[in-house]
Structures are given as C-alpha cells and as structure tokens.
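J.: below are the sequence and a predicted model for it; my questions follow.
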Amino acid sequence: MAEARDPLRYFRIEARELVDQISAAVLDLDQQPGPDLVARLLRYAHTLKGAARVVKQTEIADRAHTLEEVLVPHRGEDAALPAGEMRELLRLNDEIARFVGALEKPASIETPAVEEPPPRAVTADLDELLDAIGEANARIAPLRDGSRELARMHRSAEALGDRLRTGRDPAGSRGAVQRLAGDLAALGRRITDAVDQVEHQLDEVRGRAEGLRLSAAGTIFTALHRAVHDAAEAEGKHVRFVASGAQTRMGPHLLNQVSGAFLHVVRNAVVHGIEAEAQRRAAGKPAEGTITVEVERRGRWAHFRCTDDGRGFDLTALRRVAEARGLLAPGREPEPQELIDLVLHGGVSTSGSVTEVAGRGIGMDVARDVAAQLGGSVAIRNRPGQGATVEIVVPLTLLSMNGLVVEAGGTVATMPLDAVRRCVRLPGEDAATATAAGRLAHDGQVVPFLPLSRTIGPAGDNPPAGRPAGAVAVVLTADEQTVAVGVDRLAGTTTLVARPLPDLAPAAPVIGGVAIDLNGNPRLVLDAHGLVAAVHADPGRIETAREPEKPHRPILVVDDSLTTRMLERSILESAGYEVDLAASAEEALEMAHGRDYGLFLTDIDMPGMDGFTFVARARADPELAAVPAILVSSRASAEDRRRGEEAGAAAYVVKGEFNQEELLAHIRRLILR
Amino acid sequence: MTPGVAGRIDELRQEFDRSFAEPVRRHDEEHVELLAVRAGGRPYALRLAQTAGLHPDRPVTPLPGPLPALLGLAGFAGTVVPVYDLAALLGHPAGGHPRWLVLAAGQPPLGLAFHELDGHVRVTADAIVREQTHEGPRGCLRGIAGLDGAARPIIDVPATRALVHALAGHVQVTEEAQR
C-alpha cells in the first residue's frame, strides 16, 4: 500500500480536520467571544504545529505558531478580539488550508476515482462502524463455544455408540442418550439465539456502512459562515450566522452542489438583504443582522433555508426591471409573489444596470440551476422590510436513519426513530376504544390515533371488530403535530439507509421509501409527515388507496328543535356528509322509505313518536333494519342508555357532554356506504 | 472391422446425428419460445424473449397505494422491483395469490406476477395466429398460440409495460448520484 511510502497520509487527514476546526472556532469567536473558544483555538493551533513539525511541514508549523502568538495575549479574556487580529487569524488559517490542500494533490492523483474530498468528520462514523463490527464479532463468540460443545457431544455420541454395540450397561446407556438429547436441545436453543443476535448486529453494521456514503449537513456550515463573515466585513456590516440541522445526513454530491449555490445565497443576503447599521437602527432593528441557515429532512426531501432579517426584496425595482424587459405588461398590478417569482423564473437576473436586483439575481440563477439539476425547486418568501427566505428543496436518493421496526396487520415497516416521542403499551380494551374514537389520551393530552394497519394493511382489510387494532401506540411528532399510531408489535430498532421507491411504484403518502433487509427483501420505510397527515386527514377512515371510493349514504337527522337540527347539520356537513332533516319521528320514517340512508341520528324527546320508538320501528322494518341509529339526548341516565340499547340504537351520545369528535367518531364507525 | 459391423456403426451414427439434426433443423426455422401461464384462472402465453427471468415464490412486500394491480415490491440483488398482478392488469377480478413472477425485459425494472406456470414450450411461428390490431383487455394481447389444442392469447410484455407506465404515471426520478 501507499501508506509506507506516504508519511503524510495521516497528517493530511488530521490537518484538514484541524483547519476546519480552527476556521469554525474563529468564526464562532467572532460571534460569541469567550475564553473557552480562545483556549480551544490555542489547542488546535498547538496540535497542528506539533503534527506539522513531525512531518517536516515547516510552512504549516510556522503559521500555526503565528496563530498561537496572536491568540496567547487574549487567553482568559471575555472581550472580542480586534477585527484586525480576527482577519489575521483567518488569513493564517487560509494559508494553512492552502498548504494542506497542496499536500492533498498527490493523493488525489493516486486515486483518481475519488472526485470529492473525503467527507469530513468521518472518523466518528468510522468509530461507530468499528464498534458495531466489534459487537458483531463478540456475538459470534457463543457460536464458537457452541462448536466446542458440539465436538464434546460428538465424542459422547461415539462413546455411547461403542457402549451400545457391546451391549454393556443398557440402563446407563439409556440415561446417557437422554442427557445427550437434552444437551443437544439446549445447544440448539443457544445457537438460534446467537444467530439471531449476530444477524441483528450485522444489520446494524450494514446500516452504518451504508451511512458512511453520506455526509452530515454541518460540514458545509463553516464555509457558509465564512462567506457570511467575509461579505459582512467587506460591506462593513455586522452579521451573525446561525445554523441548524448539522446532523442531517445526505449524499456528499448533493451537499456539495447545494453548498455551492448557498454560498451565493448567503452572500447576497448579506450584501443586498442586510441593511447598513444606521438604516437598521432607524427601522428599529438590532444593529447586528442575522443570517439563519437551516437544513431539515422532511421525508425524502432535504430543505435548505437561508433567512435574513434585512430589508427584503425591492419590489419597485424588480417591477421596473421586469417591465423594462417586457416580462410584465406596463401598467399591470402584479401580486408581490408574482414579482418575486420572476426573479426565479423570468431571468430578471444578470442585468448589469440595476445592481440592487441583479446582485440577488445571480445567486438565484445558481440556486435555480442547482435545484433543477437535482430535481428539486427553489422558493423565495419575501417579507418587505423584515427580510427574505430562500429555500431550496431537493429530493434525497439515499438517506441514513435510525428506524423503529414495527409490525402491523402482518406487515413489517420501519418508522423514522427521530420522529418517535414515546411508545405506550395499550391493553386490548384501550386499543379498541382509541381505534373507535380515533383519539388517544397521552401525557395529559388528547392526540389523534390511527391503527397503522388501516394505512399499510392490505387494501380494504380493516381489522375486524373485536380484535384490538393496536397493542402499542407509537407517539410521534412531525410538522409540530403529535399523533399516535397503533401497531401490533415493536420489533426493535435498526440503522438503515432508505432509498426512494422505484419507478412504477406509486404509493400512499405514508410510505417514505424502502430499505433492503438482511434477506434482500424490501422493507417499507414510513414517512413521519405522511403519517401525521394521514392521521389528521381522517381519523377512522383512512384510504388505503386513492381509488374513487363509494360515497357515504346520506344521514337523516331527526329532531324537533330547529336549532339542534341546524347545529347537527352544520357539524355533519363540514365533516363531509350529506344530511337530510326531519322534524319528527313520523316524518323521518316516511322519508326513510323514500331514500337510502347510511345512518339515523335522532333525538329522544319529541312530540308524537319518541326516539326510542323510532329506532325500534326502524329496526323492525326489513327495509330499514340495516341502517344504524345513534340516539342524541340530554338524558344521561343508565336507564335511558339501556332503553336505547334495547331499542337497537348503535350508539348513545349525551347532549350535555356533547362532543363533536365523539359523535363524528361514532358516525365514521357506523355509517353505511 | 467387418463390413457388417462398419455398416451398423454407420447406421447408428446417422441415427444419432439425425436425432440432433431434427430439432436443429426446426430450430433454424422460425420458432417462438413461450411460457404457458395462467392468470386469473385463464390460460395465456408469454414470449420468453420478452422476459428477463422467472421466479417462483418470491417474497413480495405489499405496498399500499393507489393501484390495486401493484402487488408490492420484491428484492433482486439489491434492486427493488415493483411487482404487478398480471391478472389485474388483464382486467380479471382479483383472487388468490400469484405464485410466479417474471421480470419484464427493459427498464425500469418491472415484475409481473401470475398464478400458475403450465410449462415452457417452443412452437413454430405458424402455430401463432397473428392479429393486426391490439386486442384484448387494455391492448396487452398480441396474437393467439395454439397449444395442445387450446388457444392461448399471447400477452405482449412491452404492451403490458406500456400499460403499467401509463397507470403509474411514470416519471423518471432524478438520481442524486448521477454523475
């Protein structure tokens, strides 16, 4: 290997990491001065100096030494370093980076296949992978013990065979056979256990190894921070850089491309977005501007957002340019967003004349091209006077995640663990209640509940009544909403790399992607946002397919009170049901014979025939017997409930405790199609 | 060696050669290799040349979604392949679990599942009645093969693929890793 001939092999990696760390720490120091950071910087510089001396890289060692000299006087200080010294630190570090970069050149010639620099901070991932491999090795130990055990049993079996041939001691032989059989059974169990564990561990190893193909989004933050810093300094502005989502992992290729586009985006935000200090103060804003970069994974999409708190886009200037270019009919009053979108789509970009607009335009061009190349999109949100947000959304082909393996309705699927808040065991009764109500009490809160089997089970195969639809509720949060999903069983956690569904496989929105299990079979990976949307969309009646469903039959509301009739109608209609009204039980019976209703919703106390009698009559009528009836009454006694049941009502809702959700849950459960 | 024995050897040799020559001669004529299959209880045939593999009892992970004909996903050496129910594509009512799976030739990967495999046969081209128009449910059938006295409509795999593409609203997914 090249290692022996290449004494710089490890230095390059270490130096690259130290240069990054120094760069990040200097930028942090600019924002939050403090003795900790100075101490950390001194440590990095010192380490770099030492390492560079060992491999005789004096240029690097000398600059690391100068770095130290700049820092030493500020050791233990709380105050910020003078701007000149900050510049000096960055300049020295840039020079070091250049030397380190030069050292890397020969390496890339040796391995021309590698186009991109190795993802940074990869050492921690490697350590985790090595740990996982070590663990897998440890799990094999019982198998090794087992083979020794097996050899011992083999000897016993042979000895026993000899004994049986000679016919000596038949009673003893029988005992020995029994012992041997017992030992074999025990060994069999141990081997099965061990194999299970090894399998699980190998799954982990594979997941982590696949994860190595991906880089953390945080690896691009330093470069962006630096771009913000440099642009701010050139403009004489004070700008703070805030970043979140450093741990989001994605393909290095994608990350590099988005990073390239975002360098323009953040620079533009500083130059054109953030106002001069005096202007900011006049506008009642803090003197220091803020650029926020957020990276977020939502399902199989990565969102990159850059938000500034500057002046926003100059709509008047935009309009002038658009009109001058004939992109906008003169005299037309465009919507603000329409103007903004022109920046992205109309080529209001590279004009040299209107610098205010054009400057942003160039960055937007790059952003748009990168997004298009990656199959994503760019959006701008403008808040005049308050700032602007540029967002690039790109699809991820591979994403590494920790998953919670669940079983529901005979299907095994993986939920993204980062969305899971808690898992709660549900006794059969609770599961049935939660399923019927579409609600679950959790942590002093009522959260929407949906048995997973309804969304991922075989089409139309709702769990039959009586069988609990979920034995464990997985509480998860996405889009700042919390929902509970019922599953039959939890089957552990796993590290996996999810890939998008193949072409020709359109799937329900709850499916985020697919991973390959150890046996080479696809395993569904659920999408937390899709799950939340599914639970909210219609608790209790989630389509497994977007096929045109048979519509519900209409509901007949029977009540002598106009107010109640109207109230119930508005509730039901806003839930999407068609509603007919009857003012008396007699009228209702007549109407029921004229139309196919899916459900009766009736009051009890009415002049003439009461609700109990109406339900009993309907149940006795062969034409109407199948239509379920719900009694709604202010009567809350057990006696009335019993009478309702006897009459054949499918549910009983008390008006005093009138709960819209409860009523709708009953209706969803009962209504005929 | 006596002439009698030599003649006998010659005869045997010719017979031996003939036993090979005959199918070889047929082979030279235009012929078609077919898979005789059953989907939705009906006999059909598939042209072997339009397929890329035949697999029994392949585990298929059900995929909930808008297409009832899409049974789910199967794994083939790290590639995830969508599997469609041939019977459903041909418009037969759903029933039973298809046991067999053929991979359709071409891209993107596509598996077609059917219930029974009656066998692999080779027929001469003239045993196939060609049709001018694209017949059958949703235009997936092209011609009929007479096998053992029974007529088997031939399922055209490219036409079936086209149907699946249309059903799935096939759009090429952008590959992040494309270089």
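T.: That came in fine, so what should we check first?
J.: switch to C-alpha atoms for all contacts and neighbour counts from now on
T.: Will do.
J.: did I read that right, B:Leu34 in a helix?
T.: No: under DSSP: H, G, I helix; E, B strand; the rest coil, B:Leu34 falls outside any helix and is assigned strand.
J.: now do the contacts for the closest residue to it other than its chain neighbours.
T.: Nearest non-adjacent residue to B:Leu34, counting by C-alpha to C-alpha, 6 or more residues apart in numbering or on different chains: B:Arg47, 4.7 Å away. Contact analysis of B:Arg47 by C-alpha atoms under 8 Å, 6 or more residues apart in numbering or on different chains lists B:32-35, B:154-157.
J.: just A:Ala217 next, same as before
T.: Going by C-alpha under 8 Å, 6+ apart, A:Ala217 touches A:245-250, A:255, A:295.
J.: show me the shaky parts of the chain.
T.: Let's take chain A. Along chain A, segments meeting pLDDT under 70 span A:1-7, A:105-123, A:299-300, A:345-363, A:398-400, A:457-470, A:538-550, A:656-659.
J.: wrong one, chain B
T.: In chain B (pLDDT under 70), the answer is B:1-3, B:20-29, B:131-138, B:170-179.
J.: can you pull up the most central residue in it?
T.: By C-alpha atoms, centre = their mean, chain B has its centre lying nearest to B:Leu46, at 3.3 Å.
J.: for that one, which three-state class applies?
T.: At B:Leu46 the chain is in strand, as set by three-state DSSP.
J.: tell me how many other residues surround A:Arg168.
T.: 11 (other C-alpha atoms under 10 Å in any protein chain shown).
J.: likewise for A:Val532?
T.: For A:Val532, using other C-alpha under 10 Å, the count is 24.
J.: got the buried residues for the helix or strand containing it?
T.: Assigned by DSSP states H and E, A:Val532 belongs to helix A:528-537. Neighbour-count burial for helix A:528-537, counted by 16 or more other C-alpha atoms under 10 Å in any protein chain shown, picks out A:528-536.
J.: please save the CA atoms from the helix or strand containing B:Ala87 in CSV.
T.: Element membership of B:Ala87, judged by DSSP H and E, is helix B:86-89. Provided in CSV are the C-alpha atoms of helix B:86-89 (Å, rounded to 0.1, in the frame of the first residue of the first chain):
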residue,chain,number,x,y,z
LEU,B,86,-50.9,-9.8,-14.4
ALA,B,87,-54.5,-10.9,-13.8
ALA,B,88,-55.5,-7.5,-12.6
LEU,B,89,-53.7,-5.8,-15.5
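J.: which residues does the next helix or strand after that helix contact?
T.: Per DSSP H and E, the first helix or strand lying C-terminal to helix B:86-89 is strand B:100-104. With contacts defined as C-alpha under 8 Å, 6+ apart, strand B:100-104 is touched by B:50-58, B:83, B:109-117, B:157-158, B:161.
J.: now those residues: which count as buried?
T.: Buried subset of these (neighbour count, 16+ other C-alpha under 10 Å): B:50-51, B:54, B:58, B:83, B:109-117, B:157, B:161.
J.: out of these, which touch chain A?
T.: Among those, the ones lying near chain A by C-alpha under 8 Å from any C-alpha of the partner chain are B:109-110.
J.: so which of the buried ones among the contacts of strand B:100-104 belong to helices?
T.: B:157, B:161 (DSSP state H).
J.: hmm, back to that, so what sits opposite the residue nearest to the centre of chain B in the bridge?
T.: Assessed by DSSP bridges, B:Leu46 has beta-bridge partners B:Leu35, B:Ile155.
J.: please name the residues that touch it.
T.: Applying C-alpha under 8 Å, 6+ apart, the residues contacting B:Leu46 are B:34-37, B:154-157.
J.: try A:Glu77
T.: A:34-35.
J.: tell me the secondary structure at it.
T.: Following three-state DSSP, A:Glu77 is assigned to coil.
J.: leaving out sequence neighbours, find the closest residue to A:Asn256.
T.: A:Ile220 (7.8 Å).
J.: tell me, how many residues neighbour the one you found?
T.: 19.
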